[in-house]
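# dropping a prediction and its sequence here:
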Amino acid sequence: MFGSIGSRLNGLVPDGVASVTLEFPKVIDRGKYYKPTVFPSAFTTTVEVHDNALSVVVPRSAPDAFPHRMVWRDADGAVIHTYTDPQS
């Protein structure tokens, strides 16, 4: 369904999170026996949270639609928490 434009990423966050910034790297390592996937550029997007849920289409295929880094912010824009993929 989203193959040519990307993949939909849905998520739930706790109370108090008003927006989430998602960061996707330019290069995704596939492990020792595989070539890395290289995209034209890194991709960052910020999405508003509604009723503790977020939904966004990212311009990547499903296996690559998981962000390297997520930043949760409150309504004033202050950082609540930052999550980074430990494998990156």
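Good, I have the coordinates. Numbers count the residues shown, from 1 in each chain.

# show me the shaky parts of the protein.
For the chain, the stretches flagged by pLDDT under 70 are 1-4, 87-88.

# try it again with 50
The model of the chain has pLDDT under 50 over residues 1-3.

# now the strands for it?
7-12, 19-24, 27-28, 37-38, 43-48, 53-58, 69-73, 79-84 (DSSP state E).

# need these in TSV with mean neighbour count, can you?
No exception for glycine: its C-beta is placed from N, CA and C like everyone else's. Shown next, in TSV, are the strands of the chain (neighbours: other C-beta atoms under 10 Å):
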stretch	mean neighbour count
strand 7-12	14
strand 19-24	19
strand 27-28	14
strand 37-38	12
strand 43-48	14
strand 53-58	16
strand 69-73	18
strand 79-84	12
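
# ok, now which ones touch residue 14?
By C-beta atoms under 8 Å, 6 or more residues apart in numbering, the residues touching residue 14 are residue 52.
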